[in-house]
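# build me a structure from this.
(one chain, ligands or ions: 1)
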Amino acid sequence: MEDIRNIVILTGAGISAESGIDTFRDAGGLWEQHRVEDVATPEGFARDPDLVLGFYDMRREALARVEPNPAHHALGRLEREWGERGNLLIVTQNVDDLHERGGAKGVLHMHGELKSALCLACEMRCPFDGAMSDRPPCPVCQAPSLRPDVVWFGEMPYQMERIYAAIRKADLFVSIGTSGAVYPAAGFVRDALDCGARTLELNLERSEGSHWFHESRLGPAGELVPLWVEEVLAR
Ligand code: BV8
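As a prediction, this is how the structure comes out:
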């Protein structure tokens, strides 16, 4: 296999599924319990802020009851041990903190984070845990104007230029636990291909973008990711 120096990894809800966090599109997933339009759009928030704040409070609170799984720990190990061989960037669509709790440090949360708050009054972002439903004051300006610091449909994902710069230099693009249903993340594999990277998918089932991957390995992330990390570190 050709020399691999720069790796970009994209993760989705599937990497946290074995930790007990609902995915979006699997049976019983989050989008079966709530309409996207009602809880993950600016319009939904404007229409019923209590519903949206409660939806994210419930998900934030659930975080305290779950643990990172072997897939999160394996990526933390890969990041620690990849070292001087080249660059490694973990981009996640997930808003949970399981990558960090699994030991990864430089994770790029392109859709924001449950444990971050955005103030609609002063536009500051700050770490946040607890509930927003009771309208706590912004730690910076004290206004009761916090919203979840997550990227809703129709909003621009974070740090896109940094992601594209990493993809342009990537030798290997690995997609883990994502359905390939949401853009712009779902398009990254094509950008990676256009830049000459090898593309690998680790997923429970074939995703919507499977045909863009040189290789797809199907199975639970908790099994596939540690095996893949062993393999890539042993090269
Ligand atoms: C934007 C954050 C532009 C908050 C989320 C028509 C065509 C193309 C695009 C569009 C279109 N109409 C609208 C759009 C744009 C839209 C979009 O893509 N819509 C889709 C539905 C068609 N995208 C946007 O709006 C994005 N913004 O485009 O802005 C712009 C331009 C200029 C100026 C301003 C704006 C913003 C998208 C972000 C939305 N926010 N979430 C929150 O978490 O609540 S999206 C949400 O779904 C998640 O964050 C996640 O990112 C995303 C995808 O979900 P997945 O992570 O893939 O999870 P899913 O359940 O779908 O799949 C799980 C997978 O895991 C499955 O494949 C399953 O098999 C697998 N799995 C399960 N268990 C395991 C497993 N794998 C391994 N092991 C297991 N154990």
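
# need the contact list for the nearest residue to H109 once chain neighbours are set aside.
Using CB to CB, 6 or more residues apart in numbering and skipping the chain neighbours, the partner closest in space to H109 is T92 (5.7 Å). Backbone N, C-alpha and C define where each C-beta goes, glycine included. Contacts for T92 (CB atoms under 8 Å, 6 or more residues apart in numbering) come out as 10-12, 15, 99, 107-111.

# quick one: which of the residues you listed is nearest to the ligand?
Using CB to the nearest ligand atom, G12 comes nearest to the ligand of those, at 2.7 Å.

# correct me, but that closest one touches V174?
No - G12 sits out of contact with V174 when judged by CB atoms under 8 Å, with a separation of 11.9 Å.

# returning to that earlier point: how close does the residue nearest to H109 sit to L51?
25 Å (CB to CB, to the nearest Å).

# now do G44
7 Å.

# the two: who's more crowded?
G44 (20 against 14; other CB atoms under 10 Å).

# the more buried one sits in which helix or strand?
Using DSSP states H and E, G44 falls within helix 42-47.

# flag every buried residue along stretch 228-235.
Of all the residues in stretch 228-235, those buried under the rule 16 or more other CB atoms under 10 Å are 228-229, 232.

# quick one: residues in contact with the lengthiest strand in the chain.
Scanning the chain for the strand with the most residues, using DSSP state E, yields strand 112-119. Identification of contacts with strand 112-119 by CB under 8 Å, 6+ apart yields 56, 59-60, 63, 95-97, 124-129, 132, 138, 140-141, 143, 145-151, 158.

# tell me, which of the residues you listed make contact with the ligand?
95, 150-151 (CB under 6 Å from any ligand atom).

# got the buried residues for the helix or strand containing E37?
Secondary-structure assignment from DSSP H and E places E37 in helix 36-39. For helix 36-39, the neighbour count (16+ other CB under 10 Å) marks V39 as buried.

# ok so, going back, wait, which of the ones next to the ligand among the contacts of strand 112-119 is closest to E79?
V95 (19.5 Å; CB to CB).

# tell me the secondary structure at that closest one.
coil (DSSP: H, G, I helix; E, B strand; the rest coil).

# residue contacts, it?
Contacts of V95 by CB under 8 Å, 6+ apart are 59, 109, 111-114, 148, 150.
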